[in-house]
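Novice: Sequence isn't available, so here's the structure alone:
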DNA sequence: CTGTTAGCGCTTTCAG
DNA sequence: CTGAAAGCGCTAACAG
């Protein structure tokens, strides 16, 4: 394996010149540059990035903390992150955390260990809280961007949807169709997503003069199974809802299956709405009415924000809110 | 940021001793070890992994080349890789390649650049071919493991399914139900997966004395859309098939939608079978008959093989074949 | 514009 | 069992 010294010798210049010719071409005369490049070629030289990183104290790695990789929504977000990172010359270190705080803290430590330059956290949890870090970083703020599910009073740059407004828009849609008993299949209890979407749901109810009935809310955990189960609970109770708003598409798809198994039709007997607009949403039967989120853009924006911060191109903490889109398909219809 | 020298001073020992106390505790007396650990604590010392990696010439990073991250099957494979890597103290560098050879080559170069110790390739393409590498590595073989879609005569360790046998099992199942005109929605033309599955399909046909009719095969690209489109072609032709074998679940789900839109019922009018058994397969309507693959295990096995190779715990090139499982649900039924 | 020089933080011989 | 010393491959002052 040839190193920078080999190249220097071959080109008849110093190692510093080789380094410059490669990293900062305009600081070197065209002639020398050409010589160096030729020598690089001849030696089959590949810079040892480990050494480069070590010396320049930057890894160009971004650690991405994902609760569950195998989730179509997160997959899209990751795709967005990876695309933007690549363009900017960064790599993505994937960290599957299962939403465990200890695991998240451990991965976040990669920044202190110099394994990664920054962190993108896709969950509302601060892995640096009480870690005594902070003073080590400019502005006392570890290089983290919080995306998708964002902490309250987030001290980091963030990217999210206006979940409350989106949930309200969806509920309004159901109300306009005449529904007054609208069930909800919720996401994980402690998530701000869940709380905000419920708030939006209540906003719409209030505006329509419908009284809020807590017994219409069922817990879920964003899986197909939990949607299936929760729908079972809702449709077999006394006085079941005429519509169900699910906090993500997977649960909606699970719910639709359960409803049909109960001998009911969607949307004739009961309307079902989702959230996210994953690829499968338009292929469910019936195709799902849902809220489309720009998932790839979440990722790209988060990466952009983080990289700007890392490269000192950022003043202040930006909180970005991305637009949603109510997509009406066939799983919702007028109340009977 | 404290470094190893700070700790040495605090503990009243040399830096070498600190290094040993941390990396190879049994080479150091218990008393010294205790002193060092206390000093580490007091200084809030975190080893600079960049330096460690640089010095020891290992990154503990695995580069994973994925054609499309946003694909439920690959998501599961990645989950498996990441879990195994984490246990062994490795990180996963995610590389979304869109199946572009140039991008794959570029990412594979991370190994030569010392950004990653090894590569897991999920596609049947050798990113090191003709790169003149080889002599740099023990056994002349770059540290790569090929998983899921495996190259022919693969020179690397590999993990795959017996796709031919699996496709035959599925086709046999359809034949047993009385189907004799069985359409196929294929994967990408040049993929060994496609070729092997078609071979298995033909095996079953031959065994049943059914003549192979090439016009029953439709191209697809593993997306929902392509399944939808291809099914349209098949059901609107003269003498349409009574069953369709799709080379993955997404295309099957797309196909089912198209069939229903054509006013036909699944499986009464036409049976549909998939491949992969993604989570959505059991939630389609009707639930999909498919071939289950141990996706997470693909990932875990690939990671294990690669790490064994990296740590010199491997002699010879292992080719692992994982078991499939025919899962019969409701999308296939007897021919009318 | 280019060369000299001094390390980055750590691991690893090699002596003791 | 421990310390001294060398050096991994590269970058970044600093002089010229």
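Specialist: Structure received. Everything numeric in this text was worked out from a predicted model, so none of it was measured.
Novice: residue contacts, the closest residue to residue A:326 other than its chain neighbours?
Specialist: Spatial nearest neighbour of residue A:326, excluding adjacent residues (CB to CB, 6 or more residues apart in numbering or on different chains): residue A:169 at 5.0 Å. Every residue, glycine included, has its C-beta placed from N, CA and C. Residue A:169 sits next to A:200, A:291, A:324, A:326 when contact means CB atoms under 8 Å, 6 or more residues apart in numbering or on different chains.
Novice: likewise residue A:110?
Specialist: Contact partners of residue A:110, counting by CB under 8 Å, 6+ apart, are A:61, A:63, A:93, A:116, A:119, B:49, B:91.
Novice: Repeat the analysis, applying 10 Å as the threshold.
Specialist: Neighbour list for residue A:110: A:59, A:61, A:63, A:93, A:95, A:116, A:117, A:118, A:119, B:49, B:91 [criterion: CB atoms under 10 Å, 6 or more residues apart in numbering or on different chains].
Novice: For the contacts of residue A:169, pick the one with the most neighbours.
Specialist: residue A:291 (27 neighbours; other CB atoms under 10 Å in any protein chain shown).
Novice: hang on, that one in a strand?
Specialist: Yes. If the criterion is DSSP: H, G, I helix; E, B strand; the rest coil, then residue A:291 is within a strand.
Novice: Name whatever forms a beta bridge with it.
Specialist: residue A:326 (DSSP bridges).
Novice: Tell me the helices and strands packed up against the host helix or strand of residue A:320.
Specialist: For residue A:320, the host element (DSSP states H and E) is strand A:319-322. Helices and strands touching strand A:319-322, by 3 or more CB pairs under 10 Å, 6 or more residues apart in numbering or on different chains; DSSP states H and E, are strand A:144-147, strand A:158-161, helix A:295-310.
Novice: Give me the distance between the residue lying closest to residue A:249 once chain neighbours are set aside and residue A:165.
Specialist: Nearest non-adjacent residue to residue A:249, counting by CB to CB, 6+ apart: residue A:274, 3.9 Å away. As judged by CB to CB, to the nearest Å, residue A:274 and residue A:165 stand 17 Å apart.
Novice: more neighbours, the two?
Specialist: Between residue A:274 and residue A:165, residue A:274 has the larger neighbour count (other CB under 10 Å), namely 32 against 17.
Novice: The more buried one is in contact with residue A:253, isn't it?
Specialist: Yes. With contacts defined as CB atoms under 10 Å, residue A:274 counts as touching residue A:253 at a distance of 7.4 Å.
Novice: overlap in contacts of those two?
Specialist: A:227, A:246, A:280, A:281, A:284, A:288, A:331.
Novice: OK, contacts around residue A:299?
Specialist: A:64, A:74-85, A:92, A:120, A:122, A:147-148, A:159.
Novice: Okay, and which of those map to strands?
Specialist: A:64, A:92, A:120, A:147, A:159 (DSSP state E).
Novice: number of nearby residues for the nearest residue to residue A:313 once chain neighbours are set aside?
Specialist: Closest residue to residue A:313 apart from its sequence neighbours, by CB to CB, 6+ apart: residue A:307 at 8.0 Å. Look at residue A:307: counted by other CB under 10 Å, it has 23 neighbours.
Novice: Over to residue A:212?
Specialist: The burial count for residue A:212: 11, using other CB under 10 Å.
Novice: Single out the residue in the stretch 101-250 of chain A that lies closest to DNA strand D.
Specialist: residue A:114 (13.3 Å; CB to the nearest atom of the strand).
Novice: which one is that residue nearest to, not counting chain neighbours?
Specialist: Closest to residue A:114 by CB to CB, 6+ apart is residue B:50, at 4.2 Å.
Novice: likewise residue A:197?
Specialist: Per CB to CB, 6+ apart, closest to residue A:197 is residue A:167, 3.9 Å.
Novice: and the one you found, that one's in a helix?
Specialist: Yes. With three-state DSSP as the criterion, residue A:167 is located in a helix.
Novice: mind listing what the residue in the stretch 201-336 of chain A that DNA strand C sits nearest to touches?
Specialist: Nearest to DNA strand C in the stretch 201-336 of chain A, going by CB to the nearest atom of the strand, is residue A:310, at a distance of 18.3 Å. By CB under 10 Å, 6+ apart, the contact set of residue A:310 is A:58, A:60, A:62, A:88, A:90, A:117, A:118, A:143.
Novice: Go through those residues and single out the one with the most neighbours.
Specialist: Highest count within those by other CB under 10 Å belongs to residue A:62, 28 neighbours.
Novice: Compute the inter-axis angle for the strand or helix carrying that one and strand B:61-66.
Specialist: With elements delineated by DSSP H and E, residue A:62 resides in strand A:61-66, which encompasses its position. Inter-element angle recorded for strand A:61-66 and strand B:61-66: 60 degrees (by axes from the mean of the first three to the mean of the last three CA atoms, to 10 degrees).
Novice: all helices of chain A, in order?
Specialist: Assigned by DSSP state H, the helices in chain A fall at A:4-11, A:15-23, A:30-43, A:49-56, A:72-87, A:101-112, A:163-176, A:192-208, A:224-236, A:249-261, A:295-310.
Novice: Distance check, the nearest residue to residue A:255 once chain neighbours are set aside against chain B.
Specialist: Leaving aside its chain neighbours, residue A:255 sits nearest to residue A:231 (3.6 Å; criterion: CB to CB, 6+ apart). Going from residue A:231 to chain B by CB to the nearest CB, to the nearest Å gives 12 Å.
Novice: Who are the contact partners of residue A:34?
Specialist: Residue A:34 neighbours (CB under 10 Å, 6+ apart): A:11, A:21, A:28.
Novice: okay, those in CSV with neighbour count, pLDDT and distance to DNA strand C next?
Specialist: CSV is the format used below for these (neighbours: other CB atoms under 10 Å in any protein chain shown; pLDDT from 0 to 100; distance: CB to the nearest atom of the strand, whole Å):
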residue, neighbour count, pLDDT, distance to DNA strand C
A:11, 22, 91, 8
A:21, 23, 91, 7
A:28, 20, 88, 4
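Novice: Need the residues you listed in a markdown table (columns: distance to DNA strand D).
Specialist: Formatted as a markdown table, those follow (distance: CB to the nearest atom of the strand, whole Å):
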| residue | distance to DNA strand D |
| --- | --- |
| A:11 | 13 |
| A:21 | 9 |
| A:28 | 12 |
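Novice: which one of those is nearest residue B:296?
Specialist: Proximity of the contacts of residue A:34 to residue B:296 (CB to CB) peaks at residue A:21, which lies at 46.5 Å.
Novice: Next one: the nearest residue to that closest one once chain neighbours are set aside, what pLDDT does it get?
Specialist: Nearest residue to residue A:21, sequence neighbours excluded (CB to CB, 6+ apart): residue A:36, at 4.0 Å. As predicted, residue A:36 sits at a pLDDT of 91.
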